[in-house]
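Trainee: Build the 3D model from these lines:
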Amino acid sequence: MRYPKGSIQLNESRDLPLLRQILRSEFVSHSQLLEFMRLNHHERNRNSFDWRLRRLVDRELVWRQTTSNCTGEFVYSVAGSGAVLLQGMGEYCLVGRDRFNGKEAERRILILSDSTRSI
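Mentor: Residues are numbered from 1 along each chain as shown. As a prediction, this is how the structure comes out:
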């Protein structure tokens, strides 16, 4: 059976734990996320992890942002549609109006990255 163009089939053993980890972390860097997935035995292969994460970003379930610090690493957070999806699957999460405002989330990550740099 074929899926409609633009749809996504989520894998319960890899995609959903990845989404849940991003939700619980609120903001997480690419390397941190990979380490979380490896520690919890959800992912072993970096290429597979990169493909899976890119797919979630392309379907707008996860937001990818860049920070102003020197690492050049992407930072991820769950998009509103990803939060609603997880909430519909029984995951506890509050879906506030800021979650649907990409510019507000971008400002929050910039504020957080600037405040952690001085620590």
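
Trainee: quick one: low-confidence ranges for the protein?
Mentor: Within the chain, the segments meeting pLDDT under 70 span 1-7, 68-71, 93-119.

Trainee: Skipping its backbone neighbours, what lies nearest L34 in space?
Mentor: Leaving aside its sequence neighbours, L34 sits nearest to F49 (CB to CB, 6 or more residues apart in numbering; 5.5 Å). For glycine as for every other residue, the C-beta is placed from the backbone atoms N, C-alpha and C.

Trainee: quick one, helices of this protein?
Mentor: Assigned by DSSP state H, the chain shows helices spanning 15-25, 30-39, 46-58, 80-88, 102-117.

Trainee: And those: which comes nearest G72?
Mentor: The minimum distance between G72 and the helices of the chain falls on helix 30-39, with 10.1 Å, by CB to CB.

Trainee: Is it possible to get a markdown table of the helices of the chain that adds mean neighbour count?
Mentor: As requested, these are arranged in a markdown table below (neighbours: other CB atoms under 10 Å):
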| stretch | mean neighbour count |
| --- | --- |
| helix 15-25 | 19 |
| helix 30-39 | 15 |
| helix 46-58 | 15 |
| helix 80-88 | 17 |
| helix 102-117 | 14 |
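
Trainee: out of these, which comes closest to F74?
Mentor: Nearest of those (CB to CB): helix 30-39, 5.0 Å.

Trainee: Packing partners of that closest one?
Mentor: helix 15-25, helix 46-58, strand 74-78 (3 or more CB pairs under 8 Å, 6 or more residues apart in numbering; DSSP states H and E).

Trainee: 7 Å instead, please
Mentor: Helix 30-39 sits against helix 15-25, helix 46-58, with contacts defined as 3 or more CB pairs under 7 Å, 6 or more residues apart in numbering; DSSP states H and E.

Trainee: could I get these as TSV with distance to E91?
Mentor: Listed next are those as TSV, based on distance: least, CB to CB, whole Å:
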stretch	distance to E91
helix 15-25	6
helix 46-58	15
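
Trainee: Now S31: closest residue in space that isn't a chain neighbour?
Mentor: Once flanking residues are discounted, S31 sits nearest to E73: 6.4 Å by CB to CB, 6+ apart.

Trainee: should've said R46
Mentor: Once flanking residues are discounted, R46 sits nearest to L34: 6.6 Å by CB to CB, 6+ apart.
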